[in-house]
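# here is a sequence together with a model predicted from it:
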Amino acid sequence: MKFSILASGSEGNCAFVEDDNGAGVLIDVGLSMRRIGERLKEFDRDYNCIQAMLISHEHSDHLRGAAVIARRQDLPIYASEGTIATVKRHINNFTRFFSLNSETLEFGNLQVESFSVNHDASETMGFLIVEGDKRLVIATDLGIVDLATLNWMRDCDAIVLEANHDVSMLLDGPYPWDLKQRIKGQHGHLSNEQAGEALAQIASPRLKRVVLAHLSQQNNDAKVALKSVKSHLKKAGHNHIDVIVAQQHCATEMFEV
Ligand SMILES: [Zn+2]
Ligand SMILES: [Zn+2]
């Protein structure tokens with residue numbers, strides 16, 4: 001299994017995951033169809049290798065390209081019932097919506113399970129993607145890492161986890177008070193500290209790679225996020241994990257899980 005975070009942040013999120021035969025899925029499509037196509041092309045991939053779009057929730061930074069991609073590429077959209085109910089209003093005359101239910105979905109050799117996370121949308125999901133004995137979790141847009149989410153993250157080879165803000169940068173920053181409270185709240189976004197604490201709790205020798213995602217351009221900084229998360233992992237005795245930050249304006253490299 002391979003993956004790249006094609007874009008990450010409040011201007012748009014999109015991850016590409018493919019199996020060892022080149023069958024892929026997009027997790028969130030918060031950029032235009034053209035922009036996502038350009039980023040796929042950097043890896044010599046295109047929409048022909050995509051089997052489905054999996055949408056974590058209906059916020060536009062995760063959904064922006066969905067309507068156009070669905071129509072032009074005739075790709076199915078998988079999301080929670082709550083997200084589908086909301087999204088349907090925006091994507092007229094499109095019938096290929098499928099519910100992420102408790103069953104395991106299969107796309108090529110990828111097996112995908114989804115789990116609920118705390119966020120202020122209809123019904124936000126995180127994803128566990130498995131191929132053979134390799135396990136990848138992708139979870140962005142969550143206010144807290146509850147015990148259930150922690151359990152999904154255990155025994156993974158790679159984890160993509162939100163590290164949205166540095167709490168002091170957020171509090172000292174220019175956002176209005178109510179927006180700061182929303183971001184910090186239980187249904188908002190994860191701070192660097194929260195991400196670091198969660199990862200330190202579940203990290204195991206098999207966890208090789210962590211990608212920090214959905215960093216706020218206003219309230220965070222890649223160096224600050226890396227320092228915070230790495231120090232939590234180090235304190236817990238996990239020095240072997242490669243931690244990197246996903247970017248808004250360019251794709252990460254294509255990682256082998
Ligand atoms: Zn969101
Ligand atoms: Zn978001």
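On my side now, so go ahead. Residues are numbered from 1 along each chain as shown. Ligands and ions are numbered 1, 2, ... in the order given.

# for burial, what's the neighbour tally of Ile183?
21 (other C-beta atoms under 10 Å). All C-beta spots, glycine's among them, are computed from the backbone N, C-alpha and C.

# how much space separates Val87 from ligand 2?
15 Å (C-beta to the ion, to the nearest Å).

# touching, that residue and Ser80? I think so.
No. Val87 is not in contact with Ser80 according to C-beta atoms under 8 Å; the separation is 10.0 Å.

# can you tell me which residues contact the residue in the stretch 101-250 of the chain that ligand 2 sits nearest to?
Using C-beta to the ion, the single residue of the stretch 101-250 of the chain nearest to ligand 2 is Asp141, 4.5 Å away. Counting by C-beta atoms under 8 Å, 6 or more residues apart in numbering, Asp141 touches 56-57, 59, 62, 117, 119, 121, 124, 162, 189, 214.

# out of those residues, list just those in strands.
Members of those lying in strands (criterion: DSSP state E): Glu162.

# let me have the contacts of Asp141 in CSV, extended by neighbour count and pLDDT.
Below are these laid out as CSV (neighbours: other C-beta atoms under 10 Å; pLDDT from 0 to 100):
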residue, neighbour count, pLDDT
Ser56, 30, 98
His57, 24, 97
His59, 21, 97
His62, 26, 98
Val117, 26, 97
His119, 25, 94
Ala121, 19, 94
Thr124, 28, 97
Glu162, 29, 98
His189, 27, 97
His214, 27, 98
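
# what sits against the residue lying closest to Ser116 once chain neighbours are set aside?
Among residues not flanking Ser116 along the chain, Met125 sits closest, at 6.3 Å (C-beta to C-beta, 6 or more residues apart in numbering). Listed by C-beta under 8 Å, 6+ apart, the contact set of Met125 reads 56-57, 79-80, 83, 100, 114-117.
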